[in-house]
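Asker: here you go, sequence then predicted model.
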Amino acid sequence: MITTVLIALAQLIVVGAGGPLLVGVVRTLKARLVGRTGPSPSQPYANLRKLLRKEPVVSTTTSWIFRATPYVLVATMLVTALVVPVLVTRPALGFAGNIILLMYLFMLGSFFLALAGLDSGSAFGGMGSSREVVIAALAEPTIILAVFALVLRADTINLGGVVERLAREPLLAANPAHLLAFVAFFIVMLAETGRLPVDNPATHLELTMIHEAMVLEYSGRYLALVEWASAMRLFVFMTLLANLFFPWGVTGLVEPLPVLLGLLALAGKLAVLAAALAVLETAVAKLRLFRVPELLAGSFALALLSVTAVFLVP
Amino acid sequence: MAAAGRFVAAAVGLVALVLGLGGVAGRAFTVTVDWLVPLGGLELRLDPLGGLFLALVGGVALPASVYAAGYAGSARRGALAYPVFVASMGVVPLAANMMTFAIAWELMSLASYFLVLHEREARESVRAAWVYAVMTHAGLACLLAGMLLLGAWTGSLRFADWRAAAPTLDTGARGVVFVLLAAGFAGKAGVIPLHVWLPLAHPAAPSHVSALMSGVMIKLGVYGLLRAGLDWLGVGPAWWGVAVLLAGTVSALIGVLYALVDRDLKKLLAFSSIENVGIILIGVGAGMLYHSVGLAGLALLALAGALYHTINHAAFKALLFLGAGAVVRATGTRNMEELGGLIKRMPWTAACFLVGSAAIAALPPLNGFVGEWLTFVALLQSTRLAQPALNLTFALGIAGLALTSGLAVACFVKAFGITFLALPRGDAAAHAREAPASMRAAMVALAIACVALGLGATLVVPALVSVAGALTGDRAPIAVGDWLTLGVSSGFATLSMLAIALALAVALALPLVALRLAGAARGRRLYETWGCGRMLQTPRMEYTAAAFADPFKRVFDFFYRPEKHLDIEFYPGSRFFVERIEYTNPTRSVFDDWLYRPALDALRGVARRAQAIQSGSANVYLAYILAALLLLLVLA
């Protein structure tokens, strides 16, 4: 019982504190890649602190949905932090959830955020909401098919079970079906966390933004919560990519040393993924909104190929 | 008179609920009254599956009747049809022979026809009722043909005899009967392409009747399909299941695509019913397929998922229709483009509608999620089939279900967001008043049902598995976990709604408490929405329902085939000053254009040919009668 609580706390702290750090690291790397010095990786913490101290301004048009949404967003992300095997294969709520639950928890957050976007009554919010739900809806089939490819191999949809099962396959990283599913999931990750080439996290240009358009009306502590939640979302998605597809280092033992090693392994994998993300975001331009479905259709095709490949090359 | 009708309906609903729950729990009884119905007499029999659907009838009729007290007031129209409708729906799942079933089925259709014709002054309603009558009777014709064939081949019109005799029938004969029955039941369930009546008829009826039609009546089509495919005809070949699975996937996707672009709130809900029947049929089809290849445990799981979604949909769709009815009553319009901002004027209705929207979008920890989860879990285990063609069919089914649920989220963000949030887009919405207590009570009860069905998953699933087991005749229980956690197929998947709900509740409170303790700024300043320096924030700056759905129109333009009509009038003085702009962007229905219109044209052509023998002269008609009589005598 005590260890379960400790593991839960450890995962909450890793996801809660790791999210802003990850966002900061990607930002710094991107700045370096284009020859700027850039802010320190810890800058997001400073931003959050500043926002928390400021008085929020709330539109008179809005209702309680607008004020509740930041809390719902944070709550969904904190719960996913307890479900996803971040450090150990059997996290505190591992028994309660599985990969499908995880998808729908993300959806719960998107649902409320899209409502909050509409709630302010400005055209920006509505535009952002509309675009957000388009992308979320079109990303869904890819996620589930990529998951299906994993399930075919692991014979369980419980995240811990997938990690345990796949950890026993040494040649996993060389398996074409697995790699196809990874690429498909990576593209979906870009879409779901609002990264280039789907959405630009660094812009407030009205014609291109999606996530930023929805949260335009937020300020003060509400904005801090929204930003924290979206940082955690990025962290959880990257962790899923790292731990589901490359399950090295995630431990089944709940002891200090293996958990510490798990943390180091996770940090290493996330550093590689963050570097990949930074390079990708520096190299590609944002897609026109109506080209995004083509990208997602492409990732869907990859996921379908991956499923087919599992059947053909068992 | 009207109050008496509602009271009778509520009483019938209560009895149906109690009896039905008894049936699910395993109680059984048979009632036979030989003289009441021709050809075999009235025969009613309660079994677990019938009990489940009976409970569904009662569970929705009860709140709908309470709601009607506030909604319909003392309007006399429909006072007789409404209780007849509820009672006949209650008899359908109990019927144990063909005549009882057919009479109850037809009474249900007729009563609902009169209820659809509620606003008989409106051309729209008359047309809706007409299309409904035609489609429902085409369906009835298919059903009667199938049942009579089965009756002729088995020598009995009692369902129990069919059950016993069906396995001895030839596979081809069973296939013919299955196709006929499935077509009839699918028409009632609103499966695409037999759905055309549904988005016309459901919105036209009063809202508590819409709730019953969408929540329960179309489910009786599903009930019939379950009976036909798994009970009356015994274990079918694999293609029955595959056909139902594919029909379900197509219905789910197309239903939600239409729902997404509709601006009529009740029509949106009606299209969404097509989608949800599709989701149910995905589970039913998978269950039939697993059943036919002998994967009994998976069949039970898939059927339990389908039944779960059936109950869930009854709860949240009834809730949403009642909510939409409250909106219509308060504002006099179903057009979302004239609504908005209702959350401030109708907080109860808005909160209930939000619960319904989140539930139908399958968001945890509400009930919609559990049903879809079970269906997903059943589909994901299709690998045990070991037939690559079927496996890939399932993969596409899984992807279709995922896309459907993603689009459903978008659809209900639109339905709730445009209707209830931001500024009112019209005067009616700006002066709306909250619904009276009876309507609120009905909505709150259904909202509580949505939450309870989600949190109580560990109690509901075992009951549904046993209902499914009684249906397939496979009573070997499958383990579904303990009181806290659902666990299926020996560790393939686990889910604990209670733990997730508790975690969500704690996680909601955590930042509130933490911010308070950390001494973050507490107050907030109210100001108008930022408008790029515009002077005034008006509803004209808001996103509309059409704008919200526009990206979907573009992405799926091959399906919607949208047309653009731009009509600009200039001031006479100069081409550069616009007096009026009218822009419409309607979608075209592929089913109307490519299926129903050609079929109707062909029918008209045949009718025109037949005109040739209609001279109008009585002598010629007498000659026809004589000729026909002689011909029959010769043939006999």
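Answerer: Received the coordinates, thanks. Numbers count the residues shown, from 1 in each chain, chains lettered A, B, ... in the order given.

Asker: using the three-state scheme, assign the closest residue to chain B within the stretch 1-150 of chain A.
Answerer: With Cβ to the nearest Cβ as the measure, the residue in the stretch 1-150 of chain A that lies nearest chain B is A:Gly126; the distance is 2.3 Å. For the C-beta atoms, the positions are set from N, CA and C on the backbone; glycine is no exception. On the three-state scheme (DSSP: H, G, I helix; E, B strand; the rest coil), A:Gly126 is labelled helix.

Asker: pLDDT weak spots in chain B?
Answerer: Low-confidence regions of chain B, defined by pLDDT under 70, span residues B:1, B:475-477, B:520-521, B:534-535.

Asker: quick one: the strands in it?
Answerer: For chain B, applying DSSP state E gives strands covering B:29-33, B:42-46, B:486-488, B:493-495, B:525-527, B:565-570, B:578-584.

Asker: among the ones you listed, which is nearest B:Arg6?
Answerer: Of all the strands of chain B, it is strand B:42-46 that lies closest to B:Arg6, at 24.6 Å by Cβ to Cβ.

Asker: and the closest one, what other elements does it pack with?
Answerer: Helices and strands touching strand B:42-46, by 3 or more Cβ pairs under 8 Å, 6 or more residues apart in numbering or on different chains; DSSP states H and E, are helix B:2-24, strand B:29-33, helix B:98-116.

Asker: so who does B:Glu434 touch?
Answerer: B:Glu434 makes contact with B:330, B:345-349, B:440 under the criterion Cβ atoms under 8 Å, 6 or more residues apart in numbering or on different chains.

Asker: go again using 6 Å as the cut-off
Answerer: With contact taken as Cβ atoms under 6 Å, 6 or more residues apart in numbering or on different chains, B:Glu434 is in contact with B:Met346.

Asker: thinking again about what came up before, pick the most buried one from the strands of chain B.
Answerer: Per-residue neighbour counts averaged over each of the strands of chain B give the maximum for strand B:493-495, namely a mean of 26 (mean count of other Cβ atoms under 10 Å in any protein chain shown).

Asker: list the neighbouring strands of it plus their orientation.
Answerer: With DSSP bridges as the test, strand B:493-495 is paired with strand B:486-488 (antiparallel).

Asker: who are the contact partners of B:Gly406?
Answerer: By Cβ under 6 Å, 6+ apart, the residues touching B:Gly406 are A:137, A:140.

Asker: should've said A:Glu169
Answerer: A:Glu169 is in contact with no residue at all, counting by Cβ under 6 Å, 6+ apart.

Asker: tell me the SS of it?
Answerer: coil.

Asker: among the helices and strands packed on strand B:42-46, which is nearest B:Ala87?
Answerer: Judged by Cβ to Cβ, the one of these that comes nearest to B:Ala87 is helix B:2-24, at 5.1 Å.

Asker: who touches that closest one?
Answerer: The contact list for helix B:2-24, computed with Cβ under 6 Å, 6+ apart, reads B:46, B:48, B:51-52, B:54-55, B:57-59, B:61-62, B:65, B:68, B:74, B:76, B:79, B:82-83, B:86-87, B:90, B:463.

Asker: how about the residue nearest to the residue of the stretch 1-150 of chain A closest to chain B when sequence neighbours are not counted, phi and psi?
Answerer: By the measure of Cβ to Cβ, 6 or more residues apart in numbering or on different chains, the closest residue to A:Gly126 outside its immediate chain neighbours is B:Tyr543, 2.3 Å from it. Note on B:Tyr543: its backbone torsions stand at phi -70, psi 140 [degrees, to the nearest 10].

Asker: please tell me how far B:Ile360 sits from B:His313.
Answerer: 8 Å (Cβ to Cβ, to the nearest Å).

Asker: repeat for A:Leu82
Answerer: When A:Leu82 is compared with B:His313 (using Cβ to Cβ), they lie 30 Å apart.

Asker: more neighbours, these two?
Answerer: The residue with more neighbours, out of A:Leu82 and B:His313, is B:His313; 29 against 23, by other Cβ atoms under 10 Å in any protein chain shown.

Asker: run through the stretch 201-314 of chain A and note the low-pLDDT ranges.
Answerer: Screening the stretch 201-314 of chain A residue by residue with the criterion pLDDT under 70, one finds the ranges A:205-208, A:313-314.

Asker: close to chain B: what parts of it are there?
Answerer: The interface of the stretch 201-314 of chain A toward chain B, taken as Cβ under 6 Å from any Cβ of the partner chain, is made up of A:221, A:290, A:293, A:307, A:311.

Asker: what residues does the residue in the stretch 251-400 of chain B positioned nearest to chain A make contact with?
Answerer: Closest to chain A within the stretch 251-400 of chain B is B:Ala399: 4.1 Å, counting by Cβ to the nearest Cβ. When the contact criterion is Cβ under 6 Å, 6+ apart, the partners of B:Ala399 are A:141, A:145.

Asker: and with 10 Å instead?
Answerer: Residues near B:Ala399 by Cβ atoms under 10 Å, 6 or more residues apart in numbering or on different chains: A:140-145, A:148, A:300, A:303-304, A:307, B:249, B:253.

Asker: quick one: B:Arg163 from chain A, how far?
Answerer: Look at B:Arg163 and chain A: by Cβ to the nearest Cβ, to the nearest Å, they are 36 Å apart.
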